[in-house]
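Engineer: Please find the sequence and the predicted model below.
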Amino acid sequence: MHLKVVCNLPKNREKKKKKKKKKKKKKKKKKKKKKKKKKKKKKKKKKKKKKKKKKKKKKKKKKKKKKKKKKKKKKKKKKKKKKKKKKKKKKKKKKKKKKKKKKKKKKKTIDICLY
């Protein structure tokens with residue numbers, strides 16, 4: 001009885017291995033074809049973009065930027081005049097400090113009266 005069982009086991013194992021090998025070969029062939037197609041498309045797109053866009057944009061942008069910068073400088077000068085008005089308010093605060101000095105002089109007169 002023991003001999004019959006051992007003989008049946010390896011036969012079953014061999015059949016399963018053969019089926020798995022066939023499936024793997026089919027999958028590998030499909031993957032190789034897809035990779036070749038992707039590489040060709042990428043190379044063509046990069047060459048076309050570099051030649052057309054760079055030459056045209058450089059000439060147009062330089063002329064437009066010079067005109068816009070002159071207008072912006074004039075607006076900035078007007079804003080500086082508004083800041084000078086704020087400085088006048090600070091001078092009023094200094095006058096309040098002078099009043100405090102007068103109070104100190106009054107204290108000295110009290111000392112003289114004590115003598």
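Structural biologist: Ah, there it is.
Engineer: Can you pull the poorly scored residue ranges out of this protein?
Structural biologist: Counting by pLDDT under 70, the chain has low-confidence residues at 1-22, 31, 92, 102-115.
Engineer: Could you pull out the strands in it for me?
Structural biologist: Taking DSSP state E as the criterion, the chain carries no strands.
Engineer: Tell me where it has helices.
Structural biologist: With DSSP state H as the criterion, the chain has helices at 2-114.
Engineer: dump the residue contacts of Lys37.
Structural biologist: Counting by Cβ atoms under 8 Å, 6 or more residues apart in numbering, Lys37 makes contact with nothing. C-beta coordinates here come from the backbone N, C-alpha and C atoms, glycine included.
Engineer: ok, it to Lys43 distance?
Structural biologist: 12 Å (Cβ to Cβ, to the nearest Å).
Engineer: Likewise for Lys30?
Structural biologist: Counting by Cβ to Cβ - Lys30 and Lys43 are separated by 23 Å.
Engineer: Ok, Lys62 next?
Structural biologist: 32 Å.
Engineer: can you check Lys56 too?
Structural biologist: Counting by Cβ to Cβ - Lys56 and Lys43 are separated by 23 Å.
Engineer: Check Lys82 too.
Structural biologist: Distance from Lys82 to Lys43, by Cβ to Cβ: 59 Å.
Engineer: same check, this time on Lys65
Structural biologist: Counting by Cβ to Cβ, the gap from Lys65 to Lys43 is 34 Å.
Engineer: Flag every buried residue along stretch 62-77.
Structural biologist: Of all the residues in stretch 62-77, not one is buried under the rule 16 or more other Cβ atoms under 10 Å.
Engineer: Also stretch 43-50?
Structural biologist: Buried-residue list, stretch 43-50, by 16+ other Cβ under 10 Å: empty.
Engineer: how near is Lys71 to Lys63?
Structural biologist: 15 Å.
Engineer: Please apply the same query to Lys74.
Structural biologist: Using Cβ to Cβ, one obtains 20 Å as the distance from Lys74 to Lys63.
Engineer: swap in Lys97?
Structural biologist: 57 Å.
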